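S.K.: prediction below, plus the sequence it came from.
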Amino acid sequence: MNHIYCTQNAFGNTELGAREFDKIAESLAEAKADGVEVRREMLSLGIVLNDAGERLKELNLDIVFSSPQPLFEENGKLNIDPLFGLFQEAEAVGAWLLKMPLGHYFGMKEELSHLNALLLQFPKLTFTIENDQTTYGGRTEFLETFFLDCRSQEIPAGFTFDVGNPKYVGEDPLAMYERLKTFIRYVHIKHVIDDKGGLRTVPVFPELPDKIDWIISQIPEEVPLAIEYPINVINASQHVANLRKERVKYWQEQVK
C-alpha cells in the first residue's frame, strides 16, 4: 500500500559487487523500504541475477529492473536483440517492472508490432519507459506520441515518471505530469538544482519543493515512489520514513 522504493544509484554510481549489492539491500530492508530498483549498468559480472533476486525476496523487497539500453536505435528501429536479453534478465532477478529510456522513436508501426510481440513473451513484466535527460527521450511530445501510439495498438507500455529530469530538457514537471499522468506506473523522486552552470541532484528533504510535494499528492497509492537522490546506509531509514509520511498524509486528508 505504501510502496516506497529506492534506487541502487541513490547510494552512489560505483559498480556493485555481491558484497555491495547485499549491503544496500540490507540497509533498505532495515529502513523498511518496500522495494529496490536494481540498476543493470551498476552490476558487476560476478553477480548472478537469480541469486540476487532470491536474496531480495528474502529481505521482502519488491524488485524493479532498470537498464540504460534505449528502446529504439538512432534510425528508429527497435533494439530487438539486446532487448530480449534484457527482458530475460529482468525475469531472472524476479522483477515485476522493467524500466528503460525511449531512444529515437519515429512512429514506425512495424517497430511497434515487434515490440508487442516481445512483450507477449513476458506477460508477467510491467514494461515502462522513463523520461530521461535527452531531448529525444525526455521531452513530453515524443513520450506522449509513443504512449498514444501504443495505446491505439493495445500495447501495454507504461510510464516511469522522473520528476527531476524535465529540468534537463527545459520542461515543467507539472505540465509533463498533466499530459502523461494516465500512463504512470512508477515514479522517481528527486530534486534537480542549478549548480555553477550545471545541474545537480539533491535530496528533497527536509525542504520538500512545492512542485514535488504537489506531484506526490496526485500519485495513486498503488504506484510506487522511488528515492533517486543521494542517500547513504546511515540516513536511508529517515528518508524512507519521510517519503512514507508525506504520502500517507495525503491519503489521510482524502478520507477525512
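M.R.: The structure has been received and is ready for your questions. Just so we're clear, the structure is a prediction, and the values are computed from it rather than from any experiment.

S.K.: for the stretch 1-150 of the chain, what spans make up the strands?
M.R.: In chain order, the stretch 1-150 of the chain shows strands spanning 4-7, 35-39, 62-66, 97-101, 126-130, with DSSP state E, counting those that start in this stretch as the criterion.

S.K.: name the helices or strands packed onto the first one?
M.R.: Packing contacts for strand 4-7, counted by 3 or more C-beta pairs under 8 Å, 6 or more residues apart in numbering; DSSP states H and E, involve strand 35-39, strand 62-66, strand 225-227, helix 236-254. Quick note: C-beta positions are derived from backbone N, CA and C, even for glycine.

S.K.: which parts of it are buried?
M.R.: In terms of neighbour count (16 or more other C-beta atoms under 10 Å), strand 4-7 has its buried residues at 4, 5, 6, 7.

S.K.: quick one: which of those is nearest residue 235?
M.R.: The shortest approach to residue 235 among the buried residues of strand 4-7 belongs to residue 6, at 11.6 Å (C-beta to C-beta).

S.K.: list the contacts for the closest one?
M.R.: Contacts for residue 6 (C-beta atoms under 8 Å, 6 or more residues apart in numbering) come out as 28, 31, 33, 35-37, 226-228, 231, 236, 239-240.

S.K.: would you turn those residues into CSV with neighbour count?
M.R.: Compiled in CSV, the contacts of residue 6 are given as follows (neighbours: other C-beta atoms under 10 Å):
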residue, neighbour count
28, 28
31, 20
33, 28
35, 23
36, 24
37, 25
226, 26
227, 27
228, 23
231, 23
236, 21
239, 23
240, 23
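
S.K.: and those residues, which is closest to residue 73?
M.R.: Proximity of the contacts of residue 6 to residue 73 was ranked by C-beta to C-beta; the top entry is residue 37 with 24.6 Å.

S.K.: unless I'm mixing things up, the closest one is touching residue 8, no?
M.R.: Yes: here residue 37 lies in contact with residue 8, judged by C-beta atoms under 8 Å, at a distance of 6.3 Å.

S.K.: follow-up on the earlier one: between the buried residues of strand 4-7, which is closest to residue 137?
M.R.: Ranked by distance to residue 137 (C-beta to C-beta), the buried residues of strand 4-7 are led by residue 7 at 18.0 Å.

S.K.: contacting residues for that closest one?
M.R.: Residue 7 makes contacts with 36, 37, 39, 66, 188, 226, 227, 228, as judged by C-beta under 8 Å, 6+ apart.

S.K.: what sits opposite residue 187 in the beta ladder?
M.R.: Taking DSSP bridges, one obtains residue 161, residue 225 as the residues bridged to residue 187.

S.K.: quick check: it touching residue 226?
M.R.: Yes: the pair formed by residue 187 and residue 226 meets the contact definition of C-beta under 8 Å, at 6.7 Å.

S.K.: quick check: neighbours shared by the two?
M.R.: In terms of C-beta under 8 Å, 6+ apart, residue 187 and residue 226 are not both contacted by any residue.

S.K.: lowest mean pLDDT among the helices and strands, pick that one out for the chain.
M.R.: Lowest mean confidence among the helices and strands of the chain (mean pLDDT, DSSP states H and E): helix 236-254, at a mean of 86.

S.K.: pull that one out as PDB, backbone CA atoms only.
M.R.: As requested, the backbone C-alpha atoms of helix 236-254 are provided in PDB (Å, rounded to 0.1, in the frame of the first residue of the first chain):
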ATOM      1  CA  ALA A 236      18.300   5.700   4.500                       C
ATOM      2  CA  SER A 237      15.700   5.000   7.200                       C
ATOM      3  CA  GLN A 238      15.000   8.700   7.700                       C
ATOM      4  CA  HIS A 239      14.500   9.400   4.000                       C
ATOM      5  CA  VAL A 240      12.200   6.300   3.600                       C
ATOM      6  CA  ALA A 241      10.200   7.400   6.600                       C
ATOM      7  CA  ASN A 242       9.900  11.000   5.400                       C
ATOM      8  CA  LEU A 243       8.600  10.000   2.000                       C
ATOM      9  CA  ARG A 244       6.200   7.500   3.500                       C
ATOM     10  CA  LYS A 245       4.900  10.100   5.900                       C
ATOM     11  CA  GLU A 246       4.400  12.600   3.100                       C
ATOM     12  CA  ARG A 247       2.500  10.000   1.100                       C
ATOM     13  CA  VAL A 248       0.300   8.900   4.000                       C
ATOM     14  CA  LYS A 249      -0.500  12.500   4.800                       C
ATOM     15  CA  TYR A 250      -2.500  12.900   1.600                       C
ATOM     16  CA  TRP A 251      -4.400   9.600   2.000                       C
ATOM     17  CA  GLN A 252      -5.400  10.700   5.500                       C
ATOM     18  CA  GLU A 253      -6.700  14.000   4.100                       C
ATOM     19  CA  GLN A 254      -8.700  12.200   1.400                       C
END
